[in-house]
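Chemist: how would this look folded up:
(2 chains)
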Amino acid sequence: MEIKSLYFVLFLPATVLVYYLFPKQMRWFPLLVSSLIFTTFNSISSSIVLLTVILLNYTHSHQFKKIKREKNRQLFLWLTILINLIILSLFKYYNAINRSSNLISDLIQINNPIPHIELLLPLGISYYIFQAIGYNIDIYRETEKPENHLGNYAVYLSFFPKLIAGPIEQAKDFLPQLRGNITLQYQNISNGGRLILWGLFKKVIIAEHVNEFIQPIFNSSENHTGISLLIALLLYTIEIYADFSGYTNIAIGSARLFGIELTLNFKQPFFSASLTDFWRRWHISLSTWVNNYIYTPLSMWTSITFNLKKWGIIFSVFLSFLILGIWHGSNLTFAFFGGIQGIILSYEILSQKLRKQLSNNIPGLLYKGTSTVLTLMAFAFSCIFFKANGINQAFLWIRQVNPFQASTLPDLNLIYAAISAIVFILIDHILFKNGFEKWCGSKNIVIRWLVYLLLLFMIITQSSVNTYPFIYSNF
Amino acid sequence: MNRTEVIQEVTDLLEEVLNRGSIVLKESTTAKDIDGWDSLNHAIFIGEIQKHFNIKFSLKEVIGLKQVGHICDLIIERKANT
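Modeler: Predicted coordinates:
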C-alpha cells in the first residue's frame, strides 16, 4: 500500500477510528491487525516473514533470564544476532551473491552451486530486523527487560507508520507508550494531520519535481556540462532529503494520530559544520542504532583489548559506516558510499586539533559558512555512489563532474530548480526549525488554513507525472 | 587506594585525553557535563584507565559506564581483586 495512494488516505483514518473505539488495554489488537493488513497489501510473504521474525525474537528475548552463565548468555546473544542477520541477508543479498557466484562459475566453467531463486525484499525488513537485534542486545546488557505482552512486542516491530522506512525505534522509547494511557487528544490529531500534509508536500512537490529536472542529466551525463552535473548532484542531496524526511513526517504524523510519538529522524542536516555533525542530524535513528550497537561496542573492544587510542576509534568508525553503507543494499556502490563517510569522519578525528585552532583564528561566520559548504560538498560527492547503478557509472560521473568545464551555461530550468530547492531548504530549516506543526500552531486560524489549502492545492494540482516510491522503501 | 585518590587520578587521565586542564569531576559527573568528552574520547579514556591502573574491564562492564562514580567503583573493585 503506497502511502501516497488513495488506499492509504482511506485506510489511515479508518484505523485511527477503530483504534480509539477499543478499550486502552486492547488497543494493541487493532494496531497489529492494521499493520498486518498493511504488510499483506505488499505481499503475503512480507507478512509471513514479519510474523516469523516477531515470534523468533520474542521467544529469544525471554531466554536470556534463564541463562545464568555469562559466557552462555554471550553465545546466545551472538546466536540471536546471527539468525536475524541470516534472515536479513537472505532477502537482501542472496540475489547479489547468486549473480557473483554465476560469474565465478562461468569463469571456471562449473555449474553454479547456488540455486537461482528471485527473492523479493519483504516490506520493512531492514528496519524491523535492526529493531529486533537492538532490543535483544539491550536485554542482554540488562538495560531493558523483555516485553511480556506478545501483542505489544508484535506492534513494536510491525507498527505500520514506521514499517516502510523507519524511524528505527528503540524499545525504551516505544514500548512504554503502548503500555501507557493514551487518550484521544485534538492536539495529536491536528499536529499529526499537519505533519502528514507537510510530508506529502515535500515528497510530491519538492522531491519528485527535483527528480524531473536532474534525472535526464544523470541518464545522459555525457550530453551535459560538468557544472550541470555538479548542480544535479547537489540537487540530488535535496531530493533525497525531501523524499526521506517527507516520508518521516508522514510516519511521525500518522503515529501521532494514534497518540504515539516516533523518533525525530532529521534535524536541519544542511546546516552541519562537519560530517560528524551531519550524521547527528541525518537519518538519526539509523546513526543512533549504529552508534549504540556497532560503533560503541567495537570502539570499546579495540580500546580495552589493544588500547589503540585514536587508531582504534578510526577503525571502529570506518567499519561502522561501511556496515551502514552495506545496510542500504548489495550493490558495491553502497559499500563505497559508507566507506567514503568512514574516510571523511576519520579525517575529522585526526584533524580535530587543527580545525579547533582554525575556528579560534578565523571569524566565526566565515568558518561556519565554509565548513557547512564543504560538508555539503563532501556528502554530495558520496551521493555519487548512492545514485549510480554501478561502480563504473559512479567513476564516470566523478570524471565528468567538472565545474570548470563551462563551454555553455547550465540550463536555465536547472538554475531555477536550484534556486527553488535552496528556498525550500531555508524555509524548512529556519522557518520550520521546531517543526512545521508547531509553526502552524503558533499562527492564527486564517494563516493556518491558507497554508493548508495552498499545500493541498499544490499537492493535488502540481504533482509530478514522474512519480516513484519513497527512496528509502527500497532498503 | 581511597576513593578521593581514584577520582584525582581519573581526572588527571581525562585531562590528558582531552588535552586540557582544570577539569573537575564529581561522583555524579557524566560525559554530558564535560566539554569534549564525547563517544570518541570516551573509548580512549577507558583504554587509558585500564593501562594506568593495570586492570582489565569486560566489554559488558564498560558499555554501560557513564558516571564517574561507577567508573571509580569498577576501578576499586578490580584493584581489590588483583
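
Chemist: please make it C-alpha for all contacts and neighbour counts, starting now.
Modeler: OK.

Chemist: any idea how far A:K71 is from A:L82?
Modeler: Noted for A:L82: a distance of 16 Å to A:K71, by Cα to Cα, to the nearest Å.

Chemist: please disregard the earlier target; I meant A:Q25.
Modeler: Counting by Cα to Cα, the gap from A:Q25 to A:K71 is 38 Å.

Chemist: then A:P297?
Modeler: Distance, A:P297 to A:K71, by Cα to Cα: 17 Å.

Chemist: between the two ends of stretch A:397-416, how far is it?
Modeler: Stretch A:397-416 stretches 23 Å from its first residue to its last (Cα to Cα).

Chemist: same deal with stretch A:458-469?
Modeler: From its first residue to its last, stretch A:458-469 covers 19 Å (Cα to Cα).

Chemist: swap in stretch A:458-475?
Modeler: OK, stretch A:458-475 end separation, Cα to Cα: 29 Å.

Chemist: quick one: buried residues of it?
Modeler: When neighbours are counted by 16 or more other Cα atoms under 10 Å in any protein chain shown, the buried residues of stretch A:458-475 are found to be A:459, A:463-464, A:470, A:473, A:475.

Chemist: same question for stretch A:35-52.
Modeler: For stretch A:35-52, a neighbour-count test (16+ other Cα under 10 Å) marks A:35-40, A:43, A:46-47, A:50-51 as buried.

Chemist: number of nearby residues for A:I86?
Modeler: The local packing of A:I86 (other Cα atoms under 10 Å in any protein chain shown) involves 12 other residues.

Chemist: distance check, it against chain B.
Modeler: Taking Cα to the nearest Cα, to the nearest Å as the measure, A:I86 falls 24 Å from chain B.

Chemist: quick check: residues of chain B near chain A?
Modeler: Applying Cα under 8 Å from any Cα of the partner chain, one finds that chain B approaches chain A through B:39-40, B:43-44, B:46-48, B:50, B:56-60, B:62-64.

Chemist: and A:N95, how far from A:I323?
Modeler: 19 Å.

Chemist: poorly predicted segments of chain B, please.
Modeler: Residues of chain B meeting the criterion pLDDT under 70: none.

Chemist: in it, which spans are helices?
Modeler: Assigned helices in chain B, in chain order: B:3-18, B:39-53, B:59-63, B:68-81 (criterion: DSSP state H).

Chemist: outside of the third one, which residues touch it?
Modeler: Contacts made with helix B:59-63 from outside it, assessed by Cα atoms under 8 Å, 6 or more residues apart in numbering or on different chains, are listed as A:141, A:296-297, A:300-301, A:304, B:46.

Chemist: what residues of stretch B:33-50 count as buried?
Modeler: Buried residues in stretch B:33-50 (16+ other Cα under 10 Å): B:37, B:39-50.

Chemist: would you turn the residues you listed into JSON lines with distance to A:L366?
Modeler: As requested, the buried residues of stretch B:33-50 are arranged in JSON lines below (distance: Cα to Cα, whole Å):
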{"residue": "B:W37", "distance to A:L366": "26"}
{"residue": "B:S39", "distance to A:L366": "28"}
{"residue": "B:L40", "distance to A:L366": "27"}
{"residue": "B:N41", "distance to A:L366": "28"}
{"residue": "B:H42", "distance to A:L366": "31"}
{"residue": "B:A43", "distance to A:L366": "33"}
{"residue": "B:I44", "distance to A:L366": "32"}
{"residue": "B:F45", "distance to A:L366": "33"}
{"residue": "B:I46", "distance to A:L366": "36"}
{"residue": "B:G47", "distance to A:L366": "37"}
{"residue": "B:E48", "distance to A:L366": "37"}
{"residue": "B:I49", "distance to A:L366": "39"}
{"residue": "B:Q50", "distance to A:L366": "42"}
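
Chemist: from these, pick the one nearest A:Y153.
Modeler: Comparing those against A:Y153 with Cα to Cα places B:S39 closest, at 30.3 Å.

Chemist: so who does that closest one touch?
Modeler: Counting by Cα under 8 Å, 6+ apart, B:S39 touches A:T296.

Chemist: ok, A:T39 next?
Modeler: A:1, A:46-47, A:123, A:160.

Chemist: please convert those residues to JSON lines, extending it with distance to chain B.
Modeler: Formatted as JSON lines, the contacts of A:T39 follow (distance: Cα to the nearest Cα, whole Å):
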{"residue": "A:M1", "distance to chain B": "40"}
{"residue": "A:S46", "distance to chain B": "35"}
{"residue": "A:S47", "distance to chain B": "35"}
{"residue": "A:L123", "distance to chain B": "32"}
{"residue": "A:F160", "distance to chain B": "32"}
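
Chemist: burial count for A:H429?
Modeler: By other Cα under 10 Å, 17 other residues sit near A:H429.

Chemist: my guess is it meets A:R281, correct?
Modeler: No. Between A:H429 and A:R281 there is no contact under Cα atoms under 8 Å: 11.6 Å.

Chemist: shared neighbours, those two?
Modeler: With Cα under 8 Å, 6+ apart as the test, A:H429 and A:R281 both reach A:Q268.

Chemist: residue in the stretch 101-250 of chain A nearest to chain B?
Modeler: Nearest to chain B, among the residues of the stretch 101-250 of chain A, is A:R141, at 6.7 Å (Cα to the nearest Cα).

Chemist: how about that residue: what's its closest non-neighbour residue?
Modeler: Nearest residue to A:R141, sequence neighbours excluded (Cα to Cα, 6 or more residues apart in numbering or on different chains): B:K60, at 6.7 Å.

Chemist: what about that neighbour, distance to A:L298?
Modeler: Distance of B:K60 to A:L298, computed by Cα to Cα: 12 Å.

Chemist: these two: who's more crowded?
Modeler: A:L298 (21 against 16).

Chemist: name the helices or strands packed onto the helix or strand that that one is a member of?
Modeler: A:L298 belongs to helix A:296-306 when elements are defined using DSSP states H and E. For helix A:296-306, the elements it packs on are helix A:310-328, helix B:39-53, helix B:59-63, judged by 3 or more Cα pairs under 8 Å, 6 or more residues apart in numbering or on different chains; DSSP states H and E.

Chemist: now the host helix or strand of A:L50: mean pLDDT?
Modeler: Here A:L50 sits within helix A:44-61, counting by DSSP H and E. Summarised as a single mean, pLDDT over helix A:44-61 is 96.

Chemist: just the C-alpha atoms of that helix, please, in CSV.
Modeler: Extracted in CSV, the C-alpha atoms of helix A:44-61 (Å, rounded to 0.1, in the frame of the first residue of the first chain):
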residue,chain,number,x,y,z
ILE,A,44,1.6,-12.3,1.8
SER,A,45,5.3,-13.4,2.1
SER,A,46,6.1,-10.0,3.7
SER,A,47,3.6,-10.8,6.5
ILE,A,48,4.8,-14.3,6.9
VAL,A,49,8.4,-13.1,7.3
LEU,A,50,7.4,-10.4,9.7
LEU,A,51,5.4,-12.8,11.9
THR,A,52,8.3,-15.2,11.8
VAL,A,53,10.8,-12.6,13.0
ILE,A,54,8.3,-11.4,15.7
LEU,A,55,7.8,-14.9,17.1
LEU,A,56,11.5,-15.8,16.8
ASN,A,57,12.8,-12.7,18.6
TYR,A,58,10.0,-12.6,21.2
THR,A,59,11.0,-16.2,22.2
HIS,A,60,14.7,-15.4,22.2
SER,A,61,14.3,-12.3,24.3
